[in-house]
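> predicted model, plus sequence, below.
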Amino acid sequence: MAQVNSINNATSQLTIDPGASGNSFVQYNVNASSKFIMGIDDSASDAFKVSVGSALGTTDSFIITSAGYNTMPLCPAFLGYLPSTDTNVTGDATVYTLGGTTALTKAFDLGTNFTTAGVFTAPITARYHFTAMVEANNMTSSNNLYYIQIVTTNRTYQINIDPASIIGSGILSNKVATVADMTSGDTAKVQISVANTTKVVGCVGGSNGNSSFSGFLAC
Amino acid sequence: MAQINSINNATSKLTIDPGASGNSFVQFNVNASSKFIVGIDDSASDVFKISQGSALGTNDTFIMNTSGVPRMPLQAAFLGYLPSTDTNATGDTTQYTLGGTTALTKVFDQGTNFTTAGVFTAPVTGRYHLSGMIYLGALTSSNNLATIDIVTTATIYDINFNCSSVISSGKLSIGINTMASMTAGDTAFVRTRAEGTSKVVSVLGGANANSSFSGYLVC
Amino acid sequence: MAQVNSINNKTSQLTVDPGATANSFIQYNVNASNKFIMGIDNSASNAFKISAGSALGTTDTFITTTAGIITRPLQCAFAYRNSSIASNVTGDGTAYTLAATTKIFDQGSNFSSPTFTAPVTGYYYLSVKMYIRNEPTAASTSGTIAIITTARTYTFFLDNPSVLPNSGTDFVESVYVFTNMTAADTMTTTLTMSGGTKTISMFGSAAQFYTGITGSLIC
């Protein structure tokens, strides 16, 4: 087995080729322990992959298809939605946490960093993109404040509206989205509050995502 | 030192291994000038890295940990928020630029492409996600318009509606999110205006990010 | 031509260097078919690239500049807008499917108005912005904007929208979601206004992004 630590030739290229159908890859080890493998997964339409361990197709972390589409199957990403309506949760300025009463249904949760109680915990320090939408019902023209907020460990991102004059059927949605700085272990959750009546306002749930919290690691 | 420009064997693999604790990597040079290094950073829990230069851990551009979680620490990304209220900012159709009066507080600014005057300049041509939030105060029922714009070099993204019916506390938030195509050097900023009164409407600031501008390079 | 399947030395490094000003790369082939090439594109300011095929700079899928900024030029991402008004589309309960026909960008050509089709299974950020016109007062009593995906529908409720228009005619709203899509899943968007007559229009203009749809594959 040759020992080599440089390649220097006119074409300055290193070519790796099984010479038949099969994977073509570079295996990165440290002291015989397989760490990452990078190369062509011949069983997956020749996609380019970076995978944890020693087998392309097992713990893929970075994939580029031959068309150039890039997916990262282990990138923290989640979506949870309220599956049924929580009645009488606010209206008197009570702060209601999405998932704090009825557990959320998780549509997906890559990395298992999100709880059905609606709390996301950052697995690493990074910038995260969060989006929330909540449908509230049973509001009246007396309700003069409806806010939705994403509460992170570092700060809160809030959208306030005054629904008093725009209530007809009593149903109104609110939404908020932002890019946020999160240190490993920091948390994020969504809350709403409606004010100026008794506690008769509900948070509407169902099989769709009308009241939902989602997010992903952006960079 | 052997000269090699192909590897072709039954296992079609190139294995790189220090044979002890240490980094395992491929160094890409051009005419003896170190350009990028790709491999395992043994001093950082054996994460996979693509780093500019010749040292894993110095100018890391892409990181994948052993759980497959990616990170792009030098990717263009920013968040700035208004730390204190700007009073008498609009109300009479005056366009108010977020950061144009009171300087924004930068929470993060990877790549230093964002100013405290609230202007983001695209470092490269690409598709950028941009989010803006504005929290207005001192509104009255005479204010018949509230808007929020993300103004990019190429075009304007705006949200507007009649706020006179949504005011009782005098406060209102508006938010906007979009993905924008930006050429290197293009700029983006957030502005707002209210109409219907004299210049008495405030843009509310504080320790949270209720009036803020954030974004990142998506692809 | 030496055959090598391991490199094991104290510096545990493989150096690839043309020895002159030129590209420095690893070519991944399968049975002599060029699949991907990875390395330094000397003609592009020595950016690090992963490209489909055998030529850096031709079908680049992943690019890291020497400043660490990452772009993915073939990543699924799109933005379309209206350039003209669609008249009398709703108001009487009709669900109007937004047709956005002017392309701003469409990496991968996966949008054919009014439908986006996911090219690969993954997690997508989708948004719609609607500039709603001819909404006279005391007309529509309710309205919804929906992002309809194969997996689920995200509905944003506008209660009593007849009080929202500026100057009695216009208001703008947007909805954005992060969602899972399987390859070939679709997305459309709708506006449904009820309680009045079918006199509500969707405004569009070449002047700016008044009404449109955007989206991108995130991970």
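Received it, and whenever you're ready, just let me know what you need. Numbering: from 1, shown residues only, chains lettered A, B, ... in the order given.
> pretty sure A:N137 sits against A:T85.
Yes. Between A:N137 and A:T85 there is a contact at 7.3 Å, judged by CB atoms under 8 Å. Glycine gets a C-beta too; all of them are placed from N, C-alpha and C.
> joint contacts of those two?
Residues touching both A:N137 and A:T85 (CB atoms under 8 Å, 6 or more residues apart in numbering or on different chains) are A:202-204.
> among these, who's most crowded?
Within the shared contacts of A:N137 and A:T85, most neighbours by other CB atoms under 10 Å in any protein chain shown means A:C203, with 27 neighbours.
> excluding sequence neighbours, find me the nearest residue to that one.
The shortest distance from A:C203 to any non-neighbouring residue, by CB to CB, 6 or more residues apart in numbering or on different chains, is to A:D86 (4.7 Å).
> residues in contact with that neighbour?
Counting by CB under 8 Å, 6+ apart, A:D86 has contacts A:96, A:101-102, A:202-203, A:205.
> likewise C:M202?
Contacts of C:M202 by CB under 8 Å, 6+ apart are C:82, C:85-86, C:89, C:96, C:98, C:130-133, C:191, C:211.
> would you check how far apart it and chain A are?
Going from C:M202 to chain A by CB to the nearest CB, to the nearest Å gives 19 Å.
> and that residue, bridged to which residues?
C:A86, C:I132 (DSSP bridges).
> would you map out the domains in chain A?
For chain A, the structural domains run A:1-72, A:77-217, going by automatic domain parsing.
> pLDDT below threshold where in chain B?
B:1-13, B:165-168 (pLDDT under 70).
> give me the domain ranges for it.
B:1-74, B:77-217.
> TSV for these, including mean neighbour count?
Formatted as TSV, the domains of chain B follow (neighbours: other CB atoms under 10 Å in any protein chain shown):
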stretch	mean neighbour count
domain B:1-74	20
domain B:77-217	21
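> redo those domains as JSON lines? Include distance to C:T144.
Formatted as JSON lines, the domains of chain B follow (distance: least, CB to CB, whole Å):
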{"stretch": "domain B:1-74", "distance to C:T144": "36"}
{"stretch": "domain B:77-217", "distance to C:T144": "16"}
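> let's verify the residue of chain A found nearest chain B: helix, strand, or coil?
At 2.8 Å from chain B, A:L74 is the closest residue in chain A, using CB to the nearest CB. Here A:L74 is recorded as coil under DSSP: H, G, I helix; E, B strand; the rest coil.
> which SS state does the nearest residue to it once chain neighbours are set aside fall under?
In space, and not counting its chain neighbours, A:L74 is closest to B:G68: 2.8 Å by CB to CB, 6+ apart. Three-state call for B:G68 (three-state DSSP): coil.
> B:G68 reaches A:A77, doesn't it?
No. Applying CB under 8 Å, one finds B:G68 not in contact with A:A77, separated by 11.8 Å.
> in a strand, B:G39, correct?
Yes. B:G39: assigned to a strand according to three-state DSSP.
> from A:D41, how far out is the nearest residue to it once chain neighbours are set aside?
Excluding its sequence neighbours, the residue lying closest to B:G39 (CB to CB, 6+ apart) is B:F25, at 2.6 Å. Distance, B:F25 to A:D41, by CB to CB, to the nearest Å: 22 Å.
> so what does the nearest residue to B:A32 once chain neighbours are set aside have for phi and psi?
Spatially, and ignoring its direct neighbours in sequence, B:A32 is nearest to C:D17 (6.5 Å; CB to CB, 6+ apart). Phi and psi for C:D17, reported as degrees, to the nearest 10, are phi -150, psi 120.
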